[in-house]
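3D model of this:
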Amino acid sequence: MTRWHGDLNLVYSYQTDTTLLTHRYTKAPLKIQRSFYPEGKEICHSVLLHTAGGVVGGDELTQTIHLQPHAKTLITTAAAAKIYRSNGQIATQKISLQLEENACLEWLPQETIIFDGAVYQQDIRVDLGQNATFLAWDITRLGRSARGERFREGKWRSHTEVWQQGYPLWIDRQGLENSEEMLDSPQGLNGYPVIGSLICLGQPISDTIIDQIRLLLSEANDQGEIGITQTLKQGLLCRYRGFSTIKARYWLSLVWHYLREILFLRSPIIPRVWGSLHLMA
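Take a look at the predicted model:
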């Protein structure tokens, strides 16, 4: 069977108060839609596409995205990513994000669905320049739980590193492999099939901001579990585990909206490709 070796290389630059996509290279199945500016020329919104419909064992996807000084970009995806059952080969995705000084990236892909039997590894490396800001989330569903499927077989790995001028700000390793015990353990997924993380780094986060976000999230406990903490170096981390990707996106969106208003002084702008599902609690 044909295996995909997709590649995407983007460069954003800031010129005369406008963030522009000044370089693009894509190799199927990875594509990018045209840039659009729902909140003015300063912030470029981009939508990435995977035209093959899903990822299978043996696929290799590479994304390299570079924000030059002062560039401001919001990047999302056109649909949920689907990682299909493997024939034994591993599927990989490697993402490299470079933000130069005073650049800001909101990295908000739609959820990833890991089918039972999939073998998948994702590696993300982020390098931040001085005063650069990185706000990102990752939402993963393990198994198609709506049809009763659990992730009983296969392997999933997610490795994220964020560095700033040679200093590690956040290193996160997650994984699951053929483990009913980990699926059900309170120290693992506690029976929940959906997990999500939101990270904001590069901006000072006060105790007041943390307290206000905890207040926003105080009603989430009956629909899953969610928590927030300060990172050791200028930032915060929010974790979710529950039953619904819609609810995961809803609660993480509350945090994203609040940070946008407090840190960036920007009103929330919902990417049009999301539709209205994220608003459902």
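
would you check how far apart the closest residue in space to P204 that isn't next to it in sequence and W107 are?
For P204, ignoring the flanking residues on the chain, the nearest one in space by C-beta to C-beta, 6 or more residues apart in numbering is Q234 at 5.2 Å. To be clear about C-beta, it is placed using only N, CA and C from the backbone, and glycine gets the same treatment. Distance, Q234 to W107, by C-beta to C-beta, to the nearest Å: 17 Å.

now do M182
In terms of C-beta to C-beta, M182 sits 27 Å off from W107.

hmm, back to that, looking at Q234 and W107, which is more packed in?
W107 (19 against 15; other C-beta atoms under 10 Å).

shouldn't the more buried one be in contact with Q63?
No: counting by C-beta atoms under 8 Å, W107 sits too far from Q63 to count as a contact (10.5 Å).

wait, a strand at G58?
No: with DSSP: H, G, I helix; E, B strand; the rest coil as the criterion, G58 is coil rather than part of a strand.

need the strands for the stretch 101-250 of the chain, in chain order.
Secondary structure of the stretch 101-250 of the chain (DSSP state E, counting those that start in this stretch): strands at 104-107, 112-114, 119-128, 133-142, 155-164, 167-177, 194-201, 225-230, 235-242.

any chance of CSV for these, columns mean pLDDT and distance to I75?
Formatted as CSV, the strands of the stretch 101-250 of the chain follow (pLDDT from 0 to 100; distance: least, C-beta to C-beta, whole Å):
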stretch, mean pLDDT, distance to I75
strand 104-107, 98, 6
strand 112-114, 93, 15
strand 119-128, 97, 13
strand 133-142, 95, 9
strand 155-164, 94, 16
strand 167-177, 90, 19
strand 194-201, 95, 15
strand 225-230, 89, 23
strand 235-242, 93, 19
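
tell me which of these sits nearest to I262.
I262 lies closest to strand 194-201 among these, at 10.4 Å (C-beta to C-beta).

low-confidence regions, the stretch 1-150 of the chain specifically.
Within the stretch 1-150 of the chain, the stretches with pLDDT under 70 are 1-2.

can you tell me what sits against stretch 210-228?
Here stretch 210-228 makes contact (C-beta atoms under 8 Å, 6 or more residues apart in numbering) with 190, 192, 194, 229-230, 236-244, 247-248, 251, 254-255, 258, 281.

one more time with 7 Å
For stretch 210-228, contacts defined as C-beta atoms under 7 Å, 6 or more residues apart in numbering pick out 192, 230, 236, 238-243, 247, 251, 254-255, 258.

now stretch 137-156
Residues outside stretch 137-156 that contact it (C-beta under 7 Å, 6+ apart): 86, 108, 111-120, 175-178, 180, 183, 193-198, 245, 248-249, 252.

kindly recompute the last result at 6 Å.
Here stretch 137-156 makes contact (C-beta atoms under 6 Å, 6 or more residues apart in numbering) with 108, 111-114, 116-120, 176-178, 193-198, 245, 248, 252.

and that stretch, how far from the chain's centre?
How far stretch 137-156 lies from its chain's middle: 17 Å, per C-alpha atoms, centre = their mean, to the nearest Å.
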